[in-house]
Structures are given as C-alpha cells and as structure tokens.
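1. For reference, the sequence and a predicted model appear below.
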Amino acid sequence: MKVAEIEDRIGLIDLDGTVADYDTPMKHWQNVLASPGEPKYEHRPRLDADELPHIVRRRKLIQRLPGFWRSFKEIPLGFEIVEEMRKLGFVLHVLTKGPKDAPNAWSEKVEWCQAHLPDAMVHVGSDKSLVFGRVLVDDWPEYFDKWLLVRPRGLVICVAHPWNEEYAESGPKAHPNVLRYDGSNRVQLVARLFHAYMRNSGESTPT
C-alpha cells in the first residue's frame, strides 16, 4: 500500500462523551450548584436546544472552571474502539469542538490528548463536517449527522449513551453508516472498521 493511501486511512475521534468522561464531572458540578429542591441533573438532553436556560448558563460557568477539561477520566468503551483502530493502522486524529465561551477548554483539551492519546494529532475547532476521515467516533447525534451529510461514504462509530439510543440497530433512527457500540458488539465493530479501512477511495463502507 502506498504512503498516500495509508495517509488516507484517517480515523477521527471525538473527546467529550466518547473517550473523555465529560458527563460525570458536569453532573457533579451541576448538582453542587443546584438550588434547594431543584431536580437532580442526570445527563445531557438529546439536543442542546432542549436544555433549560438556567442549566445552559450554569453549564457555561462550569466549563470555564480552570482544570475542568484536564480532569476527565478515560471512557473504557471509547478506548476499546481506539485500540481496534490502532490495530488496523488508522491514522488517528482527535476532532473536538472548542466552546466559544470557554477559551480554557481549547488548551486543556490538547493537554488531555497529550496525556491520554499521545499518538493522535489534535484538531480543536467549530465544525466537524469540514474535516475528512474514513471513520468518525462520536457520541453526539447533532455532530455526526452533520458529518455524514458531507461524508456519505463515511462510517460513524457511536459510543452508546442514553442520548443516542435511537441509533441502535433496531432504533427509530438506525442508519446504515452508524454503528452504535455498547461493548457487546465488538465483533461487528472490528468488521465495520476493517471494511472502512480497506475500501477503495470512492467506494461506500459496507454495512
């Protein structure tokens, strides 16, 4: 295989909710800052637009806490996917959004990658659909749906969370180019990644 062909085998990896546990510390701080009697914060809604205004303001405050983004633990499920991508020889690129209201996030995300994904190149930006890859590993439907519109031959590996359960194989939003990975379907994961890696340029990823 030529060098150019190997470099074309790019695997894009989201951070928050995919390989980095954003939700546990966010849940902790949301509940610490909650008013007495306020319902407990459980997890993000399916869409950002479904979040209540005072929760949005509180979320933005938490995101600006120094060290918040550096403190995330690894998500084992996400790293299982990364390990399979490494075995196949994908060129790893982290592709993560940088919050406009939390400039500290941009540098802290890079620091997190240096500590936990030292073999990956890092891209912090605003629009994931602009970036080429054969595979996108992500948890957030709003982002991977948009990416697939631009990359219709691409493959999305969706790390299982409550907010993306509609994309399960039997779910109402099941998609031939989306595999929702929950740990029980690792054989299927390896097969889909293998086909994405081996397909010729211009070919669709087999389902």
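-> Sure thing, it's come through.
2. low-confidence ranges in this structure?
-> For the chain, applying pLDDT under 70 flags the ranges 1-7, 46-48, 202-207.
3. all helices for it, in order.
-> Ranges of helices within the chain are 3-7, 23-32, 53-63, 76-88, 103-116, 141-150, 186-198, based on DSSP state H.
4. what's across from residue 16 in the sheet?
-> residue 20 (DSSP bridges).
5. Now tabulate the helices of the chain in a markdown table and tack on distance to residue 97.
-> In short, each C-beta sits where N, CA and C put it, glycine included. Below are those laid out as a markdown table (distance: least, CB to CB, whole Å):
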| stretch | distance to residue 97 |
| --- | --- |
| helix 3-7 | 24 |
| helix 23-32 | 15 |
| helix 53-63 | 12 |
| helix 76-88 | 16 |
| helix 103-116 | 9 |
| helix 141-150 | 7 |
| helix 186-198 | 23 |
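6. Could you dump the ones you listed into CSV with mean neighbour count added?
-> Shown next, in CSV, are the helices of the chain (neighbours: other CB atoms under 10 Å):
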stretch, mean neighbour count
helix 3-7, 9
helix 23-32, 16
helix 53-63, 14
helix 76-88, 17
helix 103-116, 17
helix 141-150, 17
helix 186-198, 16
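7. of all these, which lies closest to residue 44?
-> Counting by CB to CB, residue 44 lies closest to helix 23-32 out of the helices of the chain; the figure is 6.8 Å.
8. what sits up against that closest one?
-> Applying CB atoms under 8 Å, 6 or more residues apart in numbering, the contact partners of helix 23-32 are 17, 40-44, 55, 58-59, 62, 65, 68, 71-73, 161.
9. So residue 92 is in contact with residue 84, correct?
-> No: if you go by CB atoms under 8 Å, residue 92 and residue 84 don't touch, sitting 11.6 Å apart.
10. Tell me how many other residues crowd the residue nearest to residue 150 when sequence neighbours are not counted.
-> Counting by CB to CB, 6 or more residues apart in numbering, residue 150 lies nearest to residue 129, which is 4.5 Å off, once chain neighbours are set aside. Residue 129 is flanked by 14 other residues according to other CB atoms under 10 Å.
11. so residue 129 touches residue 146, yeah?
-> Yes: contact status for residue 129 versus residue 146: in contact at 4.8 Å, counting by CB under 8 Å.
12. and the angle for the longest strand along the chain with helix 141-150?
-> In the chain, ranked by residue count with DSSP state E as the criterion, the top strand is strand 91-97. Interaxial angle, strand 91-97 versus helix 141-150 (axes from the mean of the first three to the mean of the last three CA atoms, to 10 degrees): 120 degrees.
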